[in-house]
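1. What shape does this take:
(one chain, ligands or ions: 1)
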Amino acid sequence: MKKVIVTGGAGFIGSHTVVELMAAGLEPIIVDDLRNSQERVLHGIEAIAGRAPRFHRIDCTDREALRRVFREEGPVQGVIHFAADKAVGESVTHPLKYYHNNIGSLVVLLEVMAQHGVKDLVFSSSCTVYGQPAQLPVSESAPDANASSPYGFTKVVCERLLRDQHVADPTLRVVMLRYFNPIGAHPSGYIGELPLGVPNNLVPFVTQTAAGIRGALTVHGDDYDTADGSCLRDYIHVVDLARAHLRALTYANTHEAPICEVFNIGTGKGNSVLEVVRTFEEVNGVKVPYVIGPRRPGDVEQVFADTSRSNKILGWKAELDLRTALRDAWTWQQHLMQ
Ligand code: UD1
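-> Next up, the predicted model:
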């Protein structure tokens, strides 16, 4: 079985990707220090896949520990690199943590990959690199240095770092995926998002509000220049996103020539915050009390993806809609409360 190292494989997107890799007959090796996850995710993966994934509890900025994993696991086909901090607000109050972890882990990983002759890398980037795009839907050729938070800027820097490293070592095959807004959960209810403390992101806040854990959702602004005044985002089901990683890895593995390419991974559709709330209520038959609050600093008004490149070149397309994602998110929330 072909081995694939998945850093951050116990995280939200990582765990769903591990499930897809296992279903495709690959052997993912999770490298994760569980700083933003829990052991229960590993059990959830096992419940879905029917076997436990291989797992090393290490911090990806720890060069020696990462080297040991590559040495012990033997030849690996490629790496999918998720391990990173991702809270936009925290990155403003703790920028050094973000620059250290997000950039440091990629530097260490590239060094260790070079030492072991591993050439294929799928990197977890974000639509945050676009900031507020001038044109929508936004394509990969739009300017990529508009990230408004330190978190977002680490993604810009990491993409640049990968391009520079690809110039230095043109035998690398690098695929960078710019995700839009990942939501939902595995339909089984065994894995999903595990927000620490009060969720910052919309859908976990919605599910916790519907469950009565939070009193009311605050909709951050209803005076934007959109149909209902709330912000527009491209919400992509995490299972679709996970499948995009499998496609990206296959694309890298089977590409004769070296590559360093970037792809948008979204649905191509924008939905407003209020549409998400209403759709959630409708699909799940539960109320989500909400109040309208002021705009959240740093929010862009609207962003959704031009996915023609990933559709054409990766042969990937989002298949699951907003309703399915919100149903699965609610199933997961209920599973968490059992
Ligand atoms: C942000 C990042 C994105 C990152 C993601 C994961 C930017 C521009 N985007 O996405 O790159 O991958 O976080 O952490 O930096 N909202 C409410 N009430 C809430 C929570 C959210 O109204 O309680 C609204 C927000 O104002 C926004 C939308 O819901 O309009 C989505 O917010 P969120 O889920 O936090 O994602 P982004 O900020 O779009």
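2. what packs against the lengthiest helix in the chain?
-> What stands out as the longest helix in the chain, according to DSSP state H, is helix 150-168. Using 3 or more Cβ pairs under 8 Å, 6 or more residues apart in numbering; DSSP states H and E, the elements in contact with helix 150-168 are helix 88-93, helix 95-98, helix 104-115, strand 120-126, strand 173-179, strand 259-265. Just so you know, the C-beta spots here come from the backbone N, C-alpha and C atoms, and that holds for glycine as well.
3. which strands and helices sit next to the helix or strand of the chain with the lowest mean pLDDT?
-> Using mean pLDDT, DSSP states H and E, the weakest-scoring helix or strand in the chain turns out to be helix 88-93, at a mean of 91. Secondary-structure packing of helix 88-93 (3+ Cβ pairs under 8 Å, 6+ apart): helix 95-98, helix 150-168.
4. okay, the helices and strands packed on helix 150-168 in JSON lines with mean neighbour count next?
-> Output for the helices and strands packed on helix 150-168, formatted as JSON lines (neighbours: other Cβ atoms under 10 Å):
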{"stretch": "helix 88-93", "mean neighbour count": "16"}
{"stretch": "helix 95-98", "mean neighbour count": "16"}
{"stretch": "helix 104-115", "mean neighbour count": "19"}
{"stretch": "strand 120-126", "mean neighbour count": "25"}
{"stretch": "strand 173-179", "mean neighbour count": "24"}
{"stretch": "strand 259-265", "mean neighbour count": "22"}
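5. Would you tell me which of the ones you listed gets closest to residue 50?
-> strand 120-126 (24.5 Å; Cβ to Cβ).
6. Can you list the strands that the closest one pairs with?
-> Strand pairing for strand 120-126, using DSSP bridges, gives strand 78-81 (parallel), strand 173-179 (parallel).
7. and residue 56, how far is that from residue 25?
-> Note on residue 56: its distance to residue 25, by Cβ to Cβ, to the nearest Å, is 21 Å.
8. Could you check which of those two is surrounded by more residues?
-> The neighbour comparison of residue 56 against residue 25 (other Cβ atoms under 10 Å) goes to residue 56, with 18 against 8.
9. What parts of the stretch 1-150 of the chain come near the ligand?
-> By the rule Cβ under 6 Å from any ligand atom, the part of the stretch 1-150 of the chain lying against the ligand is 86, 88, 126-128, 149.
10. Can you report how many residues lie near the residue in the stretch 1-150 of the chain positioned nearest to the ligand?
-> Closest to the ligand within the stretch 1-150 of the chain is residue 128: 3.2 Å, counting by Cβ to the nearest ligand atom. Residues lying near residue 128 (other Cβ under 10 Å) number 25.
11. unless I'm mixing things up, it is touching residue 144, no?
-> No - checked against Cβ atoms under 8 Å, the pair residue 128 and residue 144 is beyond contact range at 9.8 Å.
12. what's near enough to touch the nearest residue to residue 32 once chain neighbours are set aside?
-> Leaving aside its chain neighbours, residue 32 sits nearest to residue 10 (4.0 Å; criterion: Cβ to Cβ, 6 or more residues apart in numbering). Neighbouring residues of residue 10 by Cβ atoms under 8 Å, 6 or more residues apart in numbering: 30, 32, 34, 37-38, 41-42, 55.
13. Single out the most deeply packed of the helices and strands packed on helix 88-93.
-> Comparing the helices and strands packed on helix 88-93 by mean neighbour count (mean count of other Cβ atoms under 10 Å), helix 150-168 comes out on top with a mean of 19.
14. when you compare where that helix runs with where strand 173-179 runs, what's the angle?
-> 160 degrees (axes from the mean of the first three to the mean of the last three Cα atoms, to 10 degrees).
15. which residues in the chain form helices?
-> Ranges of helices in the chain, per DSSP H, are 12-23, 39-49, 63-73, 88-93, 95-98, 104-115, 150-168, 202-210, 238-254, 273-284, 308-309, 322-336.
16. now for the ones you listed, which one comes closest to residue 218?
-> The nearest among the helices of the chain, by Cβ to Cβ, is helix 202-210 at 8.4 Å.
17. so residue 243 touches residue 20, yeah?
-> Yes - Residue 243 lies in contact with residue 20 (Cβ under 8 Å); the separation is 5.5 Å.
18. Touching both of these two, which residues are there?
-> Counting by Cβ under 8 Å, 6+ apart, residue 243 and residue 20 have no common neighbour.
19. any idea how far the closest residue to residue 47 other than its chain neighbours is from residue 328?
-> Counting by Cβ to Cβ, 6+ apart, residue 47 lies nearest to residue 190, which is 4.7 Å off, once chain neighbours are set aside. Look at residue 190 and residue 328: by Cβ to Cβ, they are 11 Å apart.
20. go on, residue 127?
-> 21 Å.
21. more neighbours, these two?
-> Taking other Cβ under 10 Å, residue 127 and residue 328 do not tie; residue 127 has more neighbours (27 against 23).
22. show me what contacts the more buried one?
-> Counting by Cβ under 8 Å, 6+ apart, residue 127 has contacts 138, 178-181, 234, 264, 266, 303, 305.
23. of all those residues, which comes closest to the ligand?
-> For the contacts of residue 127, the nearest to the ligand is residue 181 (5.2 Å; Cβ to the nearest ligand atom).
24. Let me know whether the closest one touches residue 231 as I believe.
-> No - Residue 181 sits out of contact with residue 231 when judged by Cβ under 8 Å, with a separation of 10.4 Å.
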